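# Have a look at this fold, sequence not included:
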Ligand code: SF4
Ligand code: SF4
């Protein structure tokens, strides 16, 4: 049974998908919603006397060694207080809210694996961020954004604990990666991976100006000559161009996944493209402008298992069940799925926290059936692959009686983005086949 949600009895045995789910039939349910601020909603409810005890499970990245932790069970922490020592191998982690640390222990966080988390009982006092610690944080952003150089930006991103929402990479590391690989054009990625996801689109619609400013700072940090914003739908594109005049904006016409297609087009016309999440761009702008760390995230809660799907702004560390309850989870929900449908994972413990990487939670009333058909030779898998791999060829070669490894070109370059699997109308798990092919190549026993 799913743990942690009262009245929710859909699953009677843990159900984990070995691969993603396909959601084409739900395309019409794509969201075009504004962002609901859960903390603001709670404050209104508290004023009406409906207050419930709350806790957060804050991931303490890079603080496995006790010497890297600045807090202990029983400590009181303020909003934005730094929880991990600088230089612990990961950006600093700051507390999203004030409260008492009850416990520190490792948890299996969805999409991230085992992560040390601090359980924080949120204090009942008003969370207005006016603590001395917060004031100290604010003073860190006093340098004007226009006068920041590359080192300033990287330091600021590290102190603000900013991570890219697409793969969780700390922003300083991503900047270094882009710089060393010669990225020419930087894309502020508002492209959602599947029809149920809308968190990137929602943030882009509502914070286009901040996203463009953050993108400009990040382009400076990674040495990209050009930058642009990318929106999945024409609807989002129209909203963005109305408020952001200086940065070019591209619409991908509602197709998902679109990242690989855009990367291929840019490679042919401008040069190598690097992608950074819209939420990370907005966080970078706020760190520069106001000196505040990235302690909240926007998550789409969707699927036919909730009656009020939406985009929710929540503190990092909020349990999944809180988001589902806010969106009216139905009692006959059978599956809760975290992350992009094709590459995320099913969860059975709903007390686990959301992190900066949790862009989408999908609740479904039926367990999906992944049907597979023969390849029809449409070539979509090759068009979406950012690494120049031909997944249809890999599929063909790897399913022959005798596999010729010399025909498995480029497979070592696969990033496991699952775009090919998502694009394949035949439902073939191409990402898994490419991973198998890469293992064969790596074994090296064919030469
Ligand atoms: S999973 Fe690998 S092969 Fe498939 S699109 Fe991504 S990089 Fe290309
Ligand atoms: S997307 Fe699927 S069906 Fe189309 S060529 Fe690739 S493997 Fe074949």
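Arrived safely, thanks for sending. Given the structure is predicted, the values throughout are model-derived calculations rather than measurements. Ligands and ions are numbered 1, 2, ... in the order given.
# check which helix or strand covers the residue of the stretch 51-200 of the chain found nearest ligand 1.
Shortest the stretch 51-200 of the chain-to-ligand 1 distance, computed as Cβ to the nearest ligand atom: residue-wise this is residue 193, at 11.4 Å. For glycine as for every other residue, the C-beta is placed from the backbone atoms N, C-alpha and C. When elements are defined using DSSP states H and E, residue 193 is found to belong to no helix and no strand.
# Kindly report the same for residue 396.
With elements delineated by DSSP H and E, residue 396 resides in helix 391-398, which encompasses its position.
# before we move on, the earlier item: quick check, the residue of the stretch 51-200 of the chain closest to ligand 1 in contact with residue 340.
Yes. Under the criterion of Cβ atoms under 8 Å, residue 193 is in contact with residue 340, at a separation of 3.5 Å.
# shared neighbours of the two, which are they?
360, 422 (Cβ atoms under 8 Å, 6 or more residues apart in numbering).
# what about the stretch 301-447 of the chain, any weak spots by pLDDT?
342, 445-447 (pLDDT under 70).
# in it, which spans are strands?
Using DSSP state E, counting those that start in this stretch, the strands of the stretch 301-447 of the chain run over 310-315, 335-338, 345-347, 360-364.
# Residue 151 is nearest to which of those strands?
Comparing the strands of the stretch 301-447 of the chain by their distance to residue 151 (Cβ to Cβ), the top pick is strand 310-315, with 29.7 Å.
# so that closest one versus strand 360-364, what angle?
On the basis of axes from the mean of the first three to the mean of the last three Cα atoms, to 10 degrees, strand 310-315 is oriented at 130 degrees to strand 360-364.
# so what does strand 310-315 touch, helix or strand wise?
strand 35-37, helix 38-47, strand 296-302, helix 320-326 (3 or more Cβ pairs under 8 Å, 6 or more residues apart in numbering; DSSP states H and E).
# Break the protein down into its domains, please.
The domain map for the chain lists 24-132+292-364, 141-290, 380-443, with the assignment taken from automatic domain parsing.
# could I get those domains as CSV with distance to residue 371 and mean neighbour count?
Conversion of the domains of the chain to CSV gives the following (distance: least, Cβ to Cβ, whole Å; neighbours: other Cβ atoms under 10 Å):
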stretch, distance to residue 371, mean neighbour count
domain 24-132+292-364, 11, 19
domain 141-290, 17, 21
domain 380-443, 6, 18
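# and the residue lying closest to residue 434 once chain neighbours are set aside, what does it touch?
Nearest residue to residue 434 in three dimensions, chain neighbours excluded: residue 414, at 4.7 Å (Cβ to Cβ, 6 or more residues apart in numbering). Remark: with contacts taken as Cβ under 8 Å, 6+ apart, residue 414 is in contact with 387, 389, 431, 434, 435, 438.
# What's the end-to-end length of stretch 199-212?
The stretch stretch 199-212 measures 17 Å between its terminal residues, going by Cα to Cα, to the nearest Å.
# residues in contact with it?
Taking Cβ under 8 Å, 6+ apart as the rule, stretch 199-212 contacts 31-35, 165, 188-192, 229, 231-233, 236, 239-240, 243-244, 246-247, 277-279, 281-282, 285-286, 298-300, 311, 359-360.
# mean confidence for it?
Averaging the model's pLDDT scores along stretch 199-212 yields 93.
# how distant is it from the center of its chain?
14 Å (Cα atoms, centre = their mean, to the nearest Å).
# quick one on the thing from earlier: out of the strands of the stretch 301-447 of the chain, nearest to residue 149?
Each of the strands of the stretch 301-447 of the chain was scored for nearness to residue 149 using Cβ to Cβ, and the closest is strand 310-315 (31.2 Å).
# Flag every residue of this protein that's near ligand 2.
Taking Cβ under 6 Å from any ligand atom as the criterion, the neighbours of ligand 2 within the chain are 375-381, 391-392, 395, 423-426, 428, 430.
# What about ligand 1: which of those touch it?
With Cβ under 6 Å from any ligand atom as the criterion, the members of these in contact with ligand 1 are 391, 430.
# which residues in the protein form helices?
Using DSSP state H, the helices of the chain run over 38-47, 132-139, 150-159, 171-180, 199-206, 208-222, 234-243, 259-269, 278-290, 320-326, 380-384, 391-398, 419-423, 430-443.
# List, one by one, the residues from this structure near ligand 1.
Within reach of ligand 1 by Cβ under 6 Å from any ligand atom, the chain has these residues: 260, 384-387, 389, 391, 414-420, 430-431, 434.
# run the last query once more with 8 Å
For the chain, the residues in contact with ligand 1 (Cβ under 8 Å from any ligand atom) are 260, 381, 384-387, 389, 391, 394, 411, 413-421, 423, 430-431, 434-435.
# Do I have it right that residue 214 meets residue 284?
Yes. Taking contacts as Cβ under 8 Å, residue 214 lies within contact range of residue 284: 4.0 Å.
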